[in-house]
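J.: I need the structure of the sequence given here:
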Amino acid sequence: MRRCVVCHYGEIALKGKNRSFFEKKLVLNIKEMVNYAEVQASRGRVVVFSEDEFLEEKLKKIPGIVYFSLAEKVSSSLPVIKERAVSLIEKESFEKFAVRVKRADKSFPVSSMDCAREIGNEIAIKTKKKVDLTNPDITCFVEIAGQETYIYYKKIRGVGGIPIGTGGRAVSLISGGIDSPVASFRMIKRGVRNIFIHFHAYPATSKESISKVEQLVKTLSSFQGKSTLYLIPFNEIQKEIMINTLESLRVLLYRRFMMRIAQKIASKEKAKAVITGESMGQVASQTMENMAIAQGVLNIPILRPLISYDKEEIIKEASKINTYKTSILPEEDCCVRFLPKNPKTKGNIFDVKKEEKKLNAENLVKEAIFKAEKRTIS
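T.: Numbers count the residues shown, from 1 in each chain. Now for the predicted structure:
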């Protein structure tokens, strides 16, 4: 069945002269994510017509939509509006109701307040229910937009934010843990398309971390659409670091190599930043000093959307976006292999660079990228 849905946005309305750019991106994103969709921007809203059986679930996850409503589209004639409003609302169970009218088209001959009064009077007569503008059981919303009017009574929350593609592209370092998928989601919600990078130690470890990350990326793809995932073998780099460098600096050296590889892939994918799930002070590598040393090899920005989050906040959001249950599944993570017993919590950049001279960083990075596997996940 072809349904009509009215989608409302938030921040896009504040974009001034750039508003049409954001609207067009939102329309394109809905067309990409929803099957059989006819989508149009209409006077401060986006209207979707579709037969997609998963329409509501998909719209809930499209960044840029603050809320949406299954609506009835009628002609902008007050007698027709009154008739259809009664027909729509009388099917519901309620004692008190309100009517809210918006006129996107101010040329409509009746004011919003007078429209609401007439529609409300009609509903009260036909249903024998009372008007209560302060604490209604149900609200009938009427939006008059030119020759069409949309009537609905239920608002469904969307993800909010701004449309994918308006914030550019970034590479996101994604592990099988709890934090990095949430960090990716936070940037997706800000309009940034994520290209995912996962470092693994297969065949020295099992494929569990790869399987987990594929599932996590699939979940995140429900918010941003089709995604690219790079699987980077990291075992050889870890072995070289373990054999040739100071144990206490291993974690920092791992992170710097990951950043080097991320930057190479960012250049290849025309991405402008690196995203990580780091949170201040959570582990040894996430002190202010160590984060500065790790990002020192980059010449593009590093984005840390979770930097001030505590673990409880991250877990709460992971549960909300449906990544938590996947993230807590057991795995053999490359990041915990060869960990030092006493890692430096406040490294010294001169010591780190001294240890790096013992390694052929350029060749190690080049070899890891050559062996990388690129996958498309949706």
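J.: could I get the buried residue list for stretch 103-122?
T.: Residues of stretch 103-122 classed as buried: 103-104, 108, 115-116, 118-120, 122 (neighbour count, 16 or more other C-beta atoms under 10 Å). All C-beta spots, glycine's among them, are computed from the backbone N, C-alpha and C.
J.: next step: these restricted to helices.
T.: 115-116, 118-120, 122 (DSSP state H).
J.: of those residues, closest to Gln40?
T.: Distance to Gln40 across those (C-beta to C-beta) is lowest for Cys115, with 23.4 Å.
J.: test my guess that that closest one contacts Arg100.
T.: No: at 9.9 Å, Cys115 does not count as touching Arg100 under the criterion of C-beta atoms under 8 Å.
J.: which neighbours do those two have in common?
T.: Listed as contacting both Cys115 and Arg100 by C-beta atoms under 8 Å, 6 or more residues apart in numbering are Val142.
J.: for Ile89, phi and psi?
T.: Backbone torsions of Ile89, given as degrees, to the nearest 10, read phi -80, psi -30.
J.: touching the host helix or strand of Ala183 from outside, list them.
T.: Secondary-structure element containing Ala183, defined by DSSP states H and E: helix 179-189. Contact with helix 179-189 is made by 63, 159-162, 164, 167, 170, 172-174, 194, 196, 216, 219-220, 223-224, 275-279, 282, 303-306, 309, 314, 317-318, 321, 323, 327, as judged by C-beta under 8 Å, 6+ apart.
J.: tell me which of those fall in strands.
T.: Counting by DSSP state E, the contacts of helix 179-189 place 170, 172-173, 194, 196, 275, 303 in strands.
J.: nearest to Leu253, of those residues?
T.: Leu173 (15.7 Å).
J.: that closest one touches Ile275, doesn't it?
T.: Yes: checked against C-beta under 8 Å, the pair Leu173 and Ile275 is within contact range at 6.8 Å.
J.: quick one, which of those two is more surrounded?
T.: Neighbours per residue (other C-beta atoms under 10 Å) separate Leu173 from Ile275, with Ile275 holding more: 29 against 23.
J.: which residues touch that one?
T.: By C-beta under 8 Å, 6+ apart, Ile275 lies in contact with 170-173, 183-184, 187, 192, 194, 302-305.
J.: if we go to 7 Å?
T.: Contacts of Ile275 were listed using C-beta atoms under 7 Å, 6 or more residues apart in numbering, and they are 170-173, 183-184, 187, 194, 303.
J.: let me see the domain layout of this structure.
T.: 3-157, 169-377 (automatic domain parsing).
J.: and the residue lying farthest from the centre of the chain, which of the three is it?
T.: Most distant from the centre of the chain: Ile125, at 45.5 Å, with distances by C-alpha atoms, centre = their mean. Under DSSP: H, G, I helix; E, B strand; the rest coil, Ile125 falls in the helix class.
J.: per-residue pLDDT, it?
T.: On the pLDDT scale, Ile125 is placed at 96.
J.: buried subset of the contacts of helix 179-189?
T.: Applying a neighbour-count criterion of 16+ other C-beta under 10 Å, the buried members of those are 63, 159, 161-162, 164, 167, 170, 172-174, 194, 196, 216, 219-220, 223-224, 275-279, 282, 303-306, 309, 314, 317-318, 321, 323, 327.
J.: and the angle from the helix holding Ala183 to strand 169-173?
T.: Helix 179-189 runs at 170 degrees relative to strand 169-173, counting by axes from the mean of the first three to the mean of the last three C-alpha atoms, to 10 degrees.
J.: regarding this structure, what is its longest helix?
T.: helix 250-268.
J.: buried sites along it?
T.: 250-266.
J.: adding pLDDT, write the ones in helices among the buried residues of stretch 103-122 out as JSON lines.
T.: Shown next, in JSON lines, are these (pLDDT from 0 to 100):
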{"residue": "Cys115", "pLDDT": "96"}
{"residue": "Ala116", "pLDDT": "96"}
{"residue": "Glu118", "pLDDT": "96"}
{"residue": "Ile119", "pLDDT": "97"}
{"residue": "Gly120", "pLDDT": "97"}
{"residue": "Glu122", "pLDDT": "96"}
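J.: which single one of those residues is nearest to Leu88?
T.: Among these, Ile119 lies closest to Leu88 (C-beta to C-beta), at 10.9 Å.
J.: from Val142, how far off is the closest one?
T.: 6 Å (C-beta to C-beta, to the nearest Å).
J.: overlap in contacts of those two?
T.: With C-beta under 7 Å, 6+ apart as the test, Ile119 and Val142 both reach 81, 85, 99.
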